[in-house]
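**Student:** Here is a sequence with its predicted model. Questions after.
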Amino acid sequence: MLVGMTYDLQQEYLDRGYGKDEVAELDSPVTVEAIRQALASQGHEVELVGGVMPLARALADGRRWDMVFNFAEGMRGLAREAQVPALLDAWDIPYTFSGPEVLALSLHKGWTNAVLRAHGVPTADFRIVNSVEEVDAIDLPFPLFVKPVAEGSSKGVSDKSLVKDRWELRDICAHVLKTFHQPALVETFLPGREFTVGILGSGPQCRVLGVMEVLATARGDACAYTYANKQEWRERALYELAGDDRAAQAAEVARAAWQALGCLDAGRIDVRLDAQGQPRFIEVNPLAGLNPESSDLPILCGKIGLGYDELIASIMDSAMARAGKRHGNRS
Ligand SMILES: Nc1ncnc2c1ncn2[C@@H]1O[C@H](COP(=O)(O)OP(=O)(O)O)[C@@H](O)[C@H]1O
Ligand SMILES: [Mg+2]
């Protein structure tokens, strides 16, 4: 089948004058090539498309694909991940991973928390801060944890994210608002173990691939999986499969969140233990990084013996099953 690939390359945006940190969530040619090869080895004809702009031009020129392998993160606006799937929906072209409504919601960590709590999934207590003036009204007990409401790859997360008083809270909120031009999310600090849960499949049919504990080395920041720990993961982070009771409970929280949000095909959910040792949802990655060496989902898959090409094949199978049902219903 003819498979288009949609993605956003870091270099393209560096060339346009964006800074290194601004493009941290975007992809490298290594990832594009790894996915292309995996798809080609499954017998697909692959066409590299790029991000939302080249996609829009290609669609307007009449290009069509049987399936699009979409992992475009987008660059502009808080619905940036939703732009490519929204276009593909409009043209009725099937694609991998979640739809625009899920990607727009889940990029906003505050709204995602609110929806999940309505479904009974435990999250940290939280407030969304739109301006520094709102900080004084925050009534959550310290310590608190502050991060941009809609970033990934631990952007905006450092040892300063953990705050113990209102002065520190004001400083970090002001920093997040100014640097990232978006609201700050203030949450109760979850001091316990951190897990990232790999999930394959869609909604109620999903299955947990494995639970990986994220730890810091002596050189890493101990308080959280910070931007520095993520960027220099070989020196600062440790990843270990976890199979104990707490890990199993974390997997249940992740599965409940995946189902409640209706996420599709594959992804990762981050979970941390609170002061009482209970797992709480931190965030969902419905477009999880797919760099074969450095992204958390492929690292997790490597640890459970699921090869990279098999992961890509499973994602395609899941998306194709959905596409088959859709067209089957219509005819
Ligand atoms: N409420 C919290 N309490 C403690 N640590 C947190 C909290 N929220 C996030 N973190 C830490 O910050 C990291 C990055 O936050 P996360 O929401 O996963 O952002 P990203 O999308 O950048 O991965 C997490 O992996 C975790 O270590
Ligand atoms: Mg995360």
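**Tutor:** Ah, there it is. Ligands and ions are numbered 1, 2, ... in the order given.

**Student:** what about the residue nearest the centre of the chain, distance to ligand 2?
**Tutor:** For the chain, the residue nearest the mean C-alpha position is residue 285 (2.3 Å; C-alpha atoms, centre = their mean). Residue 285 is 6 Å from ligand 2, where distance means C-beta to the ion, to the nearest Å. Every residue, glycine included, has its C-beta placed from N, CA and C.

**Student:** tell me which residues form a beta bridge with that residue?
**Tutor:** residue 268 (DSSP bridges).

**Student:** need the contact list for it.
**Tutor:** 106, 152, 267, 268, 269, 270, 297 (C-beta atoms under 8 Å, 6 or more residues apart in numbering).

**Student:** ok, of those, which one's closest to residue 51?
**Tutor:** residue 152 (16.0 Å; C-beta to C-beta).

**Student:** Shouldn't the closest one be within a strand?
**Tutor:** No: using DSSP: H, G, I helix; E, B strand; the rest coil, the assignment for residue 152 is coil, not a strand.

**Student:** need the contact list for the residue lying closest to it once chain neighbours are set aside.
**Tutor:** Nearest non-adjacent residue to residue 152, counting by C-beta to C-beta, 6 or more residues apart in numbering: residue 25, 4.8 Å away. Residues near residue 25 by C-beta under 8 Å, 6+ apart: 73, 151, 152, 153, 155.

**Student:** And what about the residue of the stretch 151-300 of the chain found nearest ligand 2, helix, strand or coil?
**Tutor:** In the stretch 151-300 of the chain, no residue comes nearer to ligand 2 than residue 270, which is 4.2 Å away by C-beta to the ion. Using three-state DSSP, the structure places residue 270 in strand.

**Student:** Compute the number of surrounding residues for it.
**Tutor:** 19 (other C-beta atoms under 10 Å).

**Student:** what does the one 4 residues further on give?
**Tutor:** Neighbour count of residue 274, defined by other C-beta under 10 Å: 17.

**Student:** I'd say it and residue 193 touch.
**Tutor:** No: using C-beta atoms under 8 Å, residue 274 makes no contact with residue 193, being 10.5 Å away.

**Student:** Assumed residue 30 was part of a strand.
**Tutor:** No: counting by three-state DSSP, residue 30 falls outside a strand, being helix.

**Student:** right, and it touches residue 290 too?
**Tutor:** No: contact criterion C-beta under 8 Å: residue 30 and residue 290 do not qualify, at 10.1 Å.

**Student:** Tell me which of these two has more neighbours.
**Tutor:** Set residue 30 next to residue 290 and count neighbours by other C-beta under 10 Å: residue 290 wins out with 22 against 12.

**Student:** Next, the contact list for the more buried one, please.
**Tutor:** Residue 290 makes contact with 27, 31, 34, 35, 71, 297, 298, 312, according to C-beta under 8 Å, 6+ apart.

**Student:** Tell me both backbone torsions, phi and psi, for the third one.
**Tutor:** For residue 34, the backbone dihedrals are phi -60, psi -40 (criterion: degrees, to the nearest 10).

**Student:** burial of it, as a residue count?
**Tutor:** There are 19 residues near residue 34, going by other C-beta under 10 Å.

**Student:** any idea which element the closest residue to it other than its chain neighbours lies in?
**Tutor:** Spatial nearest neighbour of residue 34, excluding adjacent residues (C-beta to C-beta, 6+ apart): residue 292 at 4.6 Å. In the assignment (DSSP states H and E), residue 292 maps to no helix and no strand.

**Student:** Tell me the spacing between residue 292 and ligand 1.
**Tutor:** From residue 292 across to ligand 1, the span is 19 Å (C-beta to the nearest ligand atom, to the nearest Å).

**Student:** Quick check: that residue touching residue 298?
**Tutor:** Yes: proximity of residue 292 to residue 298 meets the contact threshold set by C-beta under 8 Å, at 5.2 Å.

**Student:** what residues are shared contacts of these two?
**Tutor:** residue 308.

**Student:** before we move on, the earlier item: who wins for neighbours among the contacts of residue 290?
**Tutor:** The residue in the contacts of residue 290 with the most neighbours, by other C-beta under 10 Å, is residue 35 (27 neighbours).

**Student:** SS state for that one?
**Tutor:** helix.

**Student:** Get me the contact residues on the stretch 151-300 of the chain for ligand 2.
**Tutor:** Proximity of the stretch 151-300 of the chain to ligand 2 is confined to 270, 283 under the rule C-beta under 5 Å from the ion.

**Student:** Please identify the helix or strand for residue 264.
**Tutor:** Going by DSSP H and E, residue 264 is not in any helix or strand.

**Student:** Find me the pLDDT at it, would you?
**Tutor:** Looking at residue 264, its pLDDT reads 98.

**Student:** The one 5 residues further on too?
**Tutor:** On the pLDDT scale, residue 269 is placed at 98.

**Student:** Residue 328 too?
**Tutor:** Value for residue 328, per-residue pLDDT: 54.

**Student:** Can you pull the poorly scored residue ranges out of the stretch 51-200 of the chain?
**Tutor:** Under the criterion pLDDT under 70, no range of the stretch 51-200 of the chain is flagged.
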